[in-house]
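Asks: Okay, here's the prediction I keep looking at, along with the sequence it came from:
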Amino acid sequence: MENKRVVITGFGGICGAGNTIAEIVDFVEADKSAVVRMPGWENYNGMRSYVGAPAKLINEKNIPRQARRSMGRMSIFAVQAAEEALQNAGVLKSDFHHGRGAVIIGSTMGGAESLNQVFETMLPHHDLNKLTSMQFFQCVSHTAALNVAQYFGANGYVMATSAACASGLQALGEGYNLIRSGDQDLALCGGAEELHPTVTGSFDILYATSANYNDRPCLTPRPFDRDRDGLVCGEGAGILLLESYERAIARGAKIYAEILGYHTCASGLHISQSSKESVARCMGEALRKSNVTKEKIDYVNAHATATAHGDIEEAQAINELLGSQVPVSSLKGYFGHTLGASGAIELILSLNMMEKGMIYPTRNLENIDPQCAGINHITQKTQKEINTILKNCFAFGGINASMVLAKVSL
């Protein structure tokens, strides 16, 4: 059976930059930073980084209480982003009631705030009686996927990718594969995350977070910059609606892009460090599967979290595979690293750039690290026709994910 073409027809998102995609775009257009000093984080012994990019939880009571009881902060973000994606695509909830619509949403872990509340309630007296059954559903690792699926009444494939910062792009890759093979007709895919001291703390212990800009939060993170000192955690959700090209054309949908190819792989070398050879192999396989030559890539949306090692490995891998001319930028300087949601949110912004023929620069990139040189860093808003995009995401465990997308050729 011939593989189906897979297209993106809708999206929704929430992060520190805004509660809709339109708000996020306006925020980035204005070159703003959502990074702030987080109140009370200095009270955690051993915490070095006090900065984060929080999102606003608004209109959550629009979700009926009966459905909301099983949702933590992260799941509410996911449901709201999914609702925007369906509205943007012109798709109904009922389209997911026939076993042909998937929900695939990734995250780093279950709801961090809910997990913390469970332990604070239970551990002082080792008493389980004060816990509610609904807290379990807020904590499980697939909480975003299950709550979105339940809210929409979806009865097709429901999956939760869990590979930290690669989760969102892996979710999109799984949705692409399901539709491409004909197993599903459409899929809500992406990632969700919430900001909490335990989340930032897990990176802080590894000295991977930004700690030198606690009193100047808008100056961090600094992807590819000589003075970068680590990542800044953010939160939110990004959800995209994928469907077969035939279905989209039949219903007259607006098509934002076609997914041409996707690859994910691991380096098997180091639990917390990237490998340029593995990164280059992942990007190269995504290109090969797409039948796209390196000369056809018009823009690379880099993972680039502003860690000392990761930025170097990615920059050098891009240089070795694609050369020095293809434009490259990272979006994390605007709204932090949204971890499991980053691949989806940043891809949506990349599609916006494709539509407008314009590239958003890497915020806070003032002095390019010599070890990150050799690629075409975009440091100011740049007009450019974009027909083909390469999106990267990398995660602990040496896990890589790359996706190639293009404007649709009818």
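Replies: On my side now, so go ahead.

Asks: Relative to G374, how far out is E83?
Replies: Counting by CB to CB, to the nearest Å, the separation of E83 from G374 is 43 Å. C-beta coordinates here come from the backbone N, C-alpha and C atoms, glycine included.

Asks: so who does R68 touch?
Replies: Shown here is R68, whose contacts under the criterion CB atoms under 8 Å, 6 or more residues apart in numbering are E60, K61, I76.

Asks: which of these has the most neighbours?
Replies: Neighbours here mean other CB atoms under 10 Å. Within the contacts of R68, the largest count is held by I76, at 25 neighbours.

Asks: Just give the nearest non-adjacent residue to it, would you?
Replies: Sequence neighbours aside, E60 is the residue nearest to I76 in space, at 5.0 Å (criterion: CB to CB, 6 or more residues apart in numbering).

Asks: what about the one you found, distance to A34?
Replies: Between E60 and A34 the distance is 19 Å, computed by CB to CB.

Asks: Same check on E2?
Replies: For E2 relative to A34 (CB to CB), the value is 44 Å.

Asks: okay, the two: which has more neighbours?
Replies: Relative neighbour count places A34 above the other of E2 and A34, with 25 against 5, counting by other CB under 10 Å.

Asks: Tell me where the stretch 251-400 of the chain has strands.
Replies: Secondary structure of the stretch 251-400 of the chain (DSSP state E, counting those that start in this stretch): strands located at 257-266, 299-301, 327-329, 358-359, 376-377, 382-383, 388-395, 399-406.

Asks: other SSEs contacting the fourth one?
Replies: The one in question is strand 358-359. Contact here means 3 or more CB pairs under 8 Å, 6 or more residues apart in numbering; DSSP states H and E; on that basis strand 358-359 packs against strand 382-383.

Asks: Repeat that for the longest one.
Replies: In terms of contact count using 3+ CB pairs under 8 Å, 6+ apart, strand 257-266 is assigned the packing partners strand 6-14, helix 167-181, helix 276-290, strand 399-406.

Asks: Of all the ones you listed, which one comes closest to A341?
Replies: Each of these was scored for nearness to A341 using CB to CB, and the closest is helix 167-181 (5.4 Å).

Asks: can you state the direction angle for the next helix or strand after the closest one and helix 167-181?
Replies: Next in sequence after helix 167-181, counting helices and strands by DSSP states H and E, comes strand 186-193. Angle between the axes of strand 186-193 and helix 167-181 is 170 degrees (criterion: axes from the mean of the first three to the mean of the last three CA atoms, to 10 degrees).

Asks: which parts of the helix or strand of the chain at the bottom of the mean pLDDT ranking are buried?
Replies: Least confident helix or strand, the chain: helix 112-122 with a mean of 75, by mean pLDDT, DSSP states H and E. Neighbour-count burial for helix 112-122 flags A112, E113, S114, L115, Q117, V118, T121 (criterion: 16 or more other CB atoms under 10 Å).

Asks: Dump those to CSV, plus distance to D127.
Replies: Converted to CSV, those look like this (distance: CB to CB, whole Å):
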residue, distance to D127
A112, 22
E113, 20
S114, 18
L115, 17
Q117, 14
V118, 12
T121, 8
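
Asks: could you pull out the helices for the stretch 201-350 of the chain?
Replies: With DSSP state H, counting those that start in this stretch applied, the stretch 201-350 of the chain shows helices at 245-250, 276-290, 308-322, 332-335, 342-356, listed in chain order.

Asks: how much space between the residue positioned nearest the centre of the chain and G16?
Replies: Centrality entry for the chain: nearest residue to the mean C-alpha point is S342, 2.0 Å, by CA atoms, centre = their mean. Applying CB to CB, one obtains 12 Å for the distance of S342 from G16.

Asks: what's the answer for D183, then?
Replies: Between D183 and G16 the computed distance is 35 Å (CB to CB).

Asks: And these two? Which one has more around it.
Replies: Relative neighbour count places G16 above the other of D183 and G16, with 26 against 14, counting by other CB under 10 Å.
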